[in-house]
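[1] generate coordinates for the sequence data below:
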Amino acid sequence: MQNVTKALVIGLIAVTLTACSNDRSQNTGGWDIGTQTDTGADASADTGTDAGTMSYQINFELKNESGAQLYAYKSVDNQGPCSFEQQFWLSIERNGEAVRPGQDCGVCSCEAMATGTCALCDVACAAPSASSTLFEDGDSRQYQWDGRVWYQDPQDHCITPELAAGETLKATFCYGAEFFEDEASHISNPSCQTIEFTLDQPEQTVRVVIPPPA
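    Numbers count the residues shown, from 1 in each chain. Got it, this is the predicted structure:
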């Protein structure tokens, strides 16, 4: 199996960045974009499985190797009942919009709705804090995705999966150097960087590493 790794290494330590990147646009200035690394057999070979039933594993990682204390939310965009706008460390985008990358108890799947097995959760979502978002040197945020996009049926008010096989998507990683504890506790001026990847390999890693200052 071929494992493709796409890495983005920051050229400046995060605490020196002052520009806010909430528009989620890609800025490659000062960044070193890593090359793909082949570690196995040619995944383009015939596996006997068509694209509709292909199994994927995409590993996302944000790694702090800056030597500094940073902050990063623990949520993935559109994943879970406590996922709120702009309070994420990772967002997976398709055609310019953030996707729902997985099923959770905040909304029923259409399959569960049809079989009468839908069970929603009642979760008290806590506001983010400096301690809960602390991203120490050596820490990492990780998320594993199976390549399925869950979209909502507007009539039945449920979600159903669609495999994004062969599509080019974007992964946006966010973190910051300061956290403000007030009525709207948040990471101040987060820095966000985007990596483009294609769902054409059974397994791949998409990673952003924050290194020490040059």
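[2] what bridges to the spatially most central residue of the chain?
    The centre of the chain sits closest to Leu90, judged by C-alpha atoms, centre = their mean, with a distance of 3.0 Å. Counting by DSSP bridges, Leu90 forms beta bridges with Val76, Phe173.
[3] what about Gln193, which helix or strand?
    strand 191-198 (DSSP states H and E).
[4] distance from the chain centre to that strand, please.
    9 Å (C-alpha atoms, centre = their mean, to the nearest Å).
[5] still on that earlier bit, who touches the residue nearest to the centre of the chain in this structure?
    Contacts for Leu90 (C-beta atoms under 8 Å, 6 or more residues apart in numbering) come out as Phe60, Leu62, Val76, Asp77, Arg141, Tyr143, Ala171, Thr172, Phe173, Cys174. (C-beta placed from N, C-alpha, C; glycine too.)
[6] can you find the helix or strand in the chain with the smallest mean pLDDT?
    Using mean pLDDT, DSSP states H and E, strand 31-33 stands out as the lowest-scoring helix or strand of the chain, at a mean of 33.
[7] so which elements touch the following helix or strand past that strand?
    Tracing the chain past strand 31-33, the next element assigned as helix or strand by DSSP H and E is strand 57-64. Under the contact criterion of 3 or more C-beta pairs under 8 Å, 6 or more residues apart in numbering; DSSP states H and E, strand 57-64 touches strand 90-94, strand 140-145, strand 168-175, strand 203-210.
[8] ok, strand 57-64: who's next to it in the sheet?
    strand 140-145 (antiparallel), strand 203-210 (parallel).
[9] most neighbours per residue, which of the ones you listed?
    Comparing the strands paired with strand 57-64 by mean neighbour count (mean count of other C-beta atoms under 10 Å), strand 203-210 ranks first with a mean of 22.
[10] what is the mean pLDDT for that one?
    Per-residue pLDDT over strand 203-210 has a mean of 96.
[11] what angle separates it from strand 90-94?
    Interaxial angle, strand 203-210 versus strand 90-94 (axes from the mean of the first three to the mean of the last three C-alpha atoms, to 10 degrees): 130 degrees.
[12] sorry, back to before: okay if I get the helices and strands packed on strand 57-64 as JSON lines plus distance to Ser129?
    Formatted as JSON lines, the helices and strands packed on strand 57-64 follow (distance: least, C-beta to C-beta, whole Å):
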{"stretch": "strand 90-94", "distance to Ser129": "20"}
{"stretch": "strand 140-145", "distance to Ser129": "16"}
{"stretch": "strand 168-175", "distance to Ser129": "16"}
{"stretch": "strand 203-210", "distance to Ser129": "21"}
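[13] all good on my end, thank you.
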